[in-house]
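Q: A predicted structure for the sequence below; I have some questions about it.
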Amino acid sequence: MYLILLKYLKPLEAVDAAIPAHIEYLDKYYAQGKFLLSGRRNPRNGGVILCRAGDQKEVEAIIAEDPFHIGSIAEYEIIEFLPTKCASELALLIS
């Protein structure tokens, strides 16, 4: 499991202009079961994605398709973690 932290590098006007393409990108990986959760950071200086992937190279390949990455709108931090405990409502995430 991977936590992807995005930090915006450009003004919010550039972020907002790329949001429709970014949402299409998110939808693609939700449909494939790769993205499990995503949203804006508060304050609005980036975002967070919870990603299920085989390894970090796969995560990097997924990020390479993000319009925010392509347009140098955001930088990314990838954190791998091994979930061992969760609320019962989320048990499918760690199975």
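A: Yes, it's here.
Q: strands of this structure, start to end?
A: Using DSSP state E, the strands of the chain run over residues 2-8, 35-40, 46-51, 74-80.
Q: between those, which one is closest to Ala21.
A: With Cβ to Cβ as the criterion, Ala21 lies closest to strand 74-80 of the strands of the chain, at 12.7 Å. Backbone N, C-alpha and C define where each C-beta goes, glycine included.
Q: pairing partners for that closest one, with directions?
A: strand 2-8 (antiparallel) (DSSP bridges).
Q: buried residues in the strand it pairs with?
A: For strand 2-8, the neighbour count (16 or more other Cβ atoms under 10 Å) marks 2, 4, 6, 8 as buried.
Q: roughly how far apart are the first one and Glu58?
A: Spelled out, that is Tyr2. Distance, Tyr2 to Glu58, using Cβ to Cβ, to the nearest Å: 9 Å.
Q: follow-up on the earlier one: I'd like the buried residues of strand 2-8 laid out as CSV, including pLDDT and distance to Arg52.
A: Formatted as CSV, those follow (pLDDT from 0 to 100; distance: Cβ to Cβ, whole Å):
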residue, pLDDT, distance to Arg52
Tyr2, 97, 8
Ile4, 98, 11
Leu6, 98, 17
Tyr8, 98, 24
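Q: on that earlier part again, please produce CSV containing the strands of the chain, extended by distance to Ala64.
A: Shown next, in CSV, are the strands of the chain (distance: least, Cβ to Cβ, whole Å):
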stretch, distance to Ala64
strand 2-8, 12
strand 35-40, 15
strand 46-51, 13
strand 74-80, 10
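Q: out of those strands, which comes closest to Leu26?
A: Nearest to Leu26 among these is strand 35-40 (5.9 Å), distances taken as Cβ to Cβ.
Q: packing partners for the closest one?
A: Where contact means 3 or more Cβ pairs under 8 Å, 6 or more residues apart in numbering; DSSP states H and E, strand 35-40 is packed against helix 12-31, strand 46-51.
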